[in-house]
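Undergrad: Starting from these lines, generate the structure:
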Amino acid sequence: MNQPPPLSFHTPGFAHYAVAWSPFHTSRLAVASAANYGLVGNGRFHLASIGPPQGIALQKSYDTQDGLYDVAWSEIHENQLVTASGDGSIKMWDIMLNDLPIRAWQEHTREVYSVDWNNIKKDLFVSSSWDGTIKVWSPERPRSLTTLQAHNSCVYQALFSPHDPDILASCSTDGTLKLFDLRVPAYAPSTNSFTTPLSAAVLTVPASGTEVLSLDWNKYKPWTLASAGVDKMIKVWDCRMVQLTGRMAEGGGAGYGAAVGGACEVHLVGHEYAVRKVQWSPHRPDLLASASYDMTCRVWSTTPSPTGTHLVYIHDPHTEFVVGCGWSLYEEGVLATCSWDSRVNVFHI
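TA: As a prediction, this is how the structure comes out:
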């Protein structure tokens, strides 16, 4: 099938890592980028808008000392967003101002690889890092509110549940998805010993035999997650299908034991290389998009077609790794992709 050409803009010298639609403006996009493919050098985040007569246009950009790996819009202030940097810093920006961030935090000891804003408790956002930790932040506080020693290795992504503001999910190089409940007691009820607050996950899903690079919550099914990574597959998990261990199995409650498992409901196979990003549609419970090192973005349905296929659409104009994708929050079927070819594409499936 012939595809209409996408709307596109090009930022020479900067490879894109993440793209995010504004929750306030239907046509506004933020893009996190890095020079030299993020290996060394500075970063830049770009602000773009979509609309006639130019189609898509770059409005402004902000330079940083290190590469940027992710960006998340504030759920409170329409002109503010946070970025995740390779130097371990997190910065908040106001796009009505020029040049300098309005706040900065430096607690992570290695690259910050993801940031995500809580869309229920709108005064919180979360970050994850290669140092193995997840941190919960308030824009009004100079220090993080909570640190989770989530994994023993790089945490590629951490996301708040869109259904419960106290539940977090993460994925890591260790091949697992983990769920954390911020309401668990600060210590386990034992006689003489205290645990580090929130160090134990309430659910661990052995999702892959290799690195899990991305995850996302289904927007319509509260305990359904998608994961993707180096094994080239996208997997859909029902986290209600768990095996309980320890005191949790005896009725102790969250935080008193461990839960492992999670039933894999669907395997989506077709990418030729690692899947770098997966995101559920905000408009349909059965639709999700994926971005891959095979230079494509693909759209899948968890409900197979009459011919048995789950693949709905392939977007392949990019000429380098596609590492980010994002659904429009306002217009159904509209996707943005970003790539190491320094291009952002916006198209309708």
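
Undergrad: distance between the ends of stretch 162-171?
TA: Distance between the boundary residues of stretch 162-171 (CA to CA, to the nearest Å) amounts to 17 Å.

Undergrad: Tell me which residues of it come out buried.
TA: Residues of stretch 162-171 classed as buried: 162, 165, 166, 167, 168, 169, 170, 171 (neighbour count, 16 or more other CB atoms under 10 Å). Glycine gets a C-beta too; all of them are placed from N, C-alpha and C.

Undergrad: Relative to the whole chain's centre, how far out is that stretch?
TA: Its chain's C-alpha centre and that of stretch 162-171 lie 12 Å apart, by CA atoms, centre = their mean, to the nearest Å.

Undergrad: Show me the contact partners of that stretch.
TA: Contact partners of stretch 162-171, identified using CB atoms under 8 Å, 6 or more residues apart in numbering, comprise 118-121, 124, 126, 128, 134, 136, 148, 150-151, 155-161, 177-183, 207, 212-215, 217, 219, 222, 225, 227, 229.

Undergrad: Which of the residues you listed are buried? Put it as a ChimeraX command.
TA: Here is the ChimeraX command that selects the buried residues among the contacts of stretch 162-171 (16+ other CB under 10 Å):
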select :118,124,126,128,134,136,148,150,151,155,156,157,158,159,160,161,177,178,179,180,181,182,207,212,213,214,215,217,219,225,227,229
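
Undergrad: in the chain, which spans are helices?
TA: For the chain, the helices defined by DSSP state H occupy 246-249.

Undergrad: Report the two of the buried residues of stretch 162-171 separated the most.
TA: 165 and 171 (19.8 Å; CB to CB).

Undergrad: where are the low-confidence patches of this structure?
TA: Applying pLDDT under 70 to the predicted model, the residue ranges of the chain that meet it are 1-4, 53, 185-199, 242-259, 261-262.

Undergrad: Isn't residue 302 up against residue 311?
TA: No - at 11.6 Å, residue 302 does not count as touching residue 311 under the criterion of CB atoms under 8 Å.

Undergrad: so what sits against both of the two?
TA: residue 268.

Undergrad: out of those two, which sits in the busier spot?
TA: For residue 302 and residue 311, the more surrounded residue by other CB atoms under 10 Å is residue 302, and the numbers stand at 20 against 14.

Undergrad: what residues are up against the more buried one?
TA: Contacts were defined as CB under 8 Å, 6+ apart; by that measure residue 302 touches 236, 265, 266, 268, 286, 287, 288, 310.

Undergrad: what's the answer for residue 121, then?
TA: Taking CB under 8 Å, 6+ apart as the test, what residue 121 contacts is 165, 166.

Undergrad: Give me the buried positions along stretch 340-349.
TA: Residues of stretch 340-349 classed as buried by neighbour count (16+ other CB under 10 Å): 340, 341, 342, 343, 344, 345, 346, 347, 349.

Undergrad: got a markdown table for these, with distance to residue 260 too?
TA: What follows is the buried residues of stretch 340-349, written out as a markdown table (distance: CB to CB, whole Å):
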| residue | distance to residue 260 |
| --- | --- |
| 340 | 36 |
| 341 | 40 |
| 342 | 42 |
| 343 | 41 |
| 344 | 39 |
| 345 | 39 |
| 346 | 40 |
| 347 | 40 |
| 349 | 36 |
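
Undergrad: List just the nearest of those to residue 295.
TA: Minimum distance to residue 295 across the buried residues of stretch 340-349 is 8.3 Å, recorded for residue 341 (CB to CB).

Undergrad: What's the local residue count around the closest residue to the closest one other than its chain neighbours?
TA: Of all residues beyond its chain neighbours, the one nearest residue 341 is residue 320 (3.8 Å), with distances taken as CB to CB, 6 or more residues apart in numbering. Residues near residue 320, counting by other CB under 10 Å, number 15.

Undergrad: Could you do residue 303 as well?
TA: So residue 303, with other CB under 10 Å, has 11 neighbours.

Undergrad: wait, isn't it in contact with residue 285?
TA: No - counting by CB under 8 Å, no contact exists between residue 303 and residue 285, whose distance comes to 9.6 Å.

Undergrad: Does residue 16 touch residue 345 like I think?
TA: No - distance between residue 16 and residue 345: 10.2 Å, which falls outside the contact criterion (CB under 8 Å).

Undergrad: Now the common contact residues for the two.
TA: Overlap between the neighbourhoods of residue 16 and residue 345 consists of 338, 339, taking contacts as CB under 8 Å, 6+ apart.

Undergrad: OK, contacts around residue 128?
TA: Taking CB under 8 Å, 6+ apart as the definition, contacts of residue 128 comprise 112, 113, 114, 134, 135, 150, 155, 156, 157, 158, 170.

Undergrad: and the gap between the closest residue to residue 144 other than its chain neighbours and residue 298?
TA: Leaving aside its sequence neighbours, residue 144 sits nearest to residue 135 (CB to CB, 6+ apart; 4.1 Å). When CB to CB, to the nearest Å is applied, the distance between residue 135 and residue 298 equals 32 Å.

Undergrad: how near is the nearest residue to residue 74 once chain neighbours are set aside to residue 23?
TA: Counting by CB to CB, 6+ apart, residue 74 lies nearest to residue 80, which is 4.1 Å off, once chain neighbours are set aside. Relative to residue 23, residue 80 is positioned 11 Å away (criterion: CB to CB).

Undergrad: Mutual contacts of those two, please.
TA: With contacts defined as CB under 8 Å, 6+ apart, the residues adjacent to both residue 80 and residue 23 are residue 73.

Undergrad: Cool, thanks, talk later.
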